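Peer 1: Pasting a predicted model and its sequence here:
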Amino acid sequence: MAHAKTLWAAAAGVTAGAVIAWQRKAAGASGPAAADRWLAVTINVDPGELQPDKLPAPLREYGDRIETRISPAPGDRGTELAVRLREPQPEGAHSLPARLAGEDPRQDLRRALRDAKSLLEAGEVLEPDAPPTTHDTPGGKLVGLLGRRAGGEGVL
């Protein structure tokens, strides 16, 4: 009886995974449309304080290669800063393998957007302490693995 329940649970897990994969593919999680996606952050500053021609240095370095959109954040919670690359990217540039290899052109833009948010809110780019402990524990190894997987973007 326990064996049958295990098989049913495994079948349900595989089915759920297939449904999620199909939905992501149908939504266009990667491909040419992925390059058109806006990358956005909410910044705790008044919308009038942020101007497209006076962006922080990490975004200013992109110059005309990015499009910028600045709007009030919902619920009067600051400003929403959104950016996206203007130039079309080669096919496959936004795929999972490219992202894992650190070759997705949006990774640097995500990092620059996060650094800009930090500069605007704290006046400096905040970095984690290195090394965080004097000896590596199993939990620390897991956190290190996840940090490397995030590619410095803050996204798992």
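Peer 2: Alright, I've got the coordinates. Numbers count the residues shown, from 1 in each chain.
Peer 1: quick one, strands of the protein?
Peer 2: Assigned by DSSP state E, the strands in the chain fall at 39-43, 66-72, 79-85.
Peer 1: I'd like the distance from residue 117 to residue 6, if you could.
Peer 2: Separation of residue 117 from residue 6 (CB to CB, to the nearest Å) stands at 46 Å. Using the backbone N, CA and C atoms, a C-beta is placed for each residue, glycine as well.
Peer 1: what about these two, which has more around it?
Peer 2: residue 117 (22 against 10; other CB atoms under 10 Å).
Peer 1: The strands of the chain into CSV, with extra columns for distance to residue 121 and mean pLDDT?
Peer 2: What follows is the strands of the chain, written out as CSV (distance: least, CB to CB, whole Å; pLDDT from 0 to 100):
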stretch, distance to residue 121, mean pLDDT
strand 39-43, 6, 91
strand 66-72, 15, 91
strand 79-85, 11, 91
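Peer 1: Pick the most buried one from the ones you listed.
Peer 2: strand 79-85 (a mean of 20; mean count of other CB atoms under 10 Å).
Peer 1: what's in contact with that strand?
Peer 2: Strand 79-85 is contacted by residues 35-43, 45-47, 49-50, 59, 62, 65-74, 105-106, 109, 113, 116-117 when judged by CB atoms under 8 Å, 6 or more residues apart in numbering.
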